[in-house]
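Novice: all I have is the shape, not the residue letters:
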């Protein structure tokens, strides 16, 4: 990519690389959550009988262990 120079001589290349790292980290986290959801679905037969997809199970897992639920419980 081309780096854009501002009047003060700063480059946006650092901001671009930071955005790329954030997107890459998000993809890694989503992949891990989906793998955990698949593993939970394989280990719990009730979830298989309910035909719950791995993405729903993984999302619920991420919600429980994310900053909004577990994070608030730990900080209180």
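Specialist: Arrived safely. Everything numeric here is computed off the predicted structure, so don't read it as measured data.

Novice: packing partners for the longest helix along the chain?
Specialist: When the chain is parsed with DSSP state H, its longest helix is helix 13-43. Secondary-structure packing of helix 13-43 (3 or more C-beta pairs under 8 Å, 6 or more residues apart in numbering; DSSP states H and E): helix 45-49, helix 54-64. Heads up, the C-betas are built off the backbone N, CA and C, glycines and all.

Novice: residue 20 is nearest to which of those?
Specialist: Residue 20 sits nearest to helix 54-64 of all the helices and strands packed on helix 13-43, at 22.5 Å, using C-beta to C-beta.

Novice: that closest one to helix 13-43, inter-axis angle?
Specialist: 110 degrees (axes from the mean of the first three to the mean of the last three C-alpha atoms, to 10 degrees).

Novice: in helix 54-64, which residues are buried?
Specialist: Buried residues in helix 54-64, counted by 16 or more other C-beta atoms under 10 Å: 54, 57-59, 61-62.

Novice: I'd like these as CSV, with pLDDT and distance to residue 25 appended.
Specialist: Below are the buried residues of helix 54-64 laid out as CSV (pLDDT from 0 to 100; distance: C-beta to C-beta, whole Å):
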residue, pLDDT, distance to residue 25
54, 95, 21
57, 96, 22
58, 95, 17
59, 94, 18
61, 93, 18
62, 92, 14
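
Novice: looking at these, which one is closest to residue 21?
Specialist: Proximity of these to residue 21 was ranked by C-beta to C-beta; the top entry is residue 62 with 20.1 Å.

Novice: for the residue nearest to the closest one when sequence neighbours are not counted, give me its contacts.
Specialist: Closest residue in space to residue 62, ignoring its immediate chain neighbours: residue 33 at 4.7 Å, by C-beta to C-beta, 6 or more residues apart in numbering. Each residue near residue 33 by C-beta atoms under 8 Å, 6 or more residues apart in numbering is listed here: 58-59, 61-62.

Novice: 7 Å instead, please
Specialist: Neighbour list for residue 33: 58, 61-62 [criterion: C-beta atoms under 7 Å, 6 or more residues apart in numbering].
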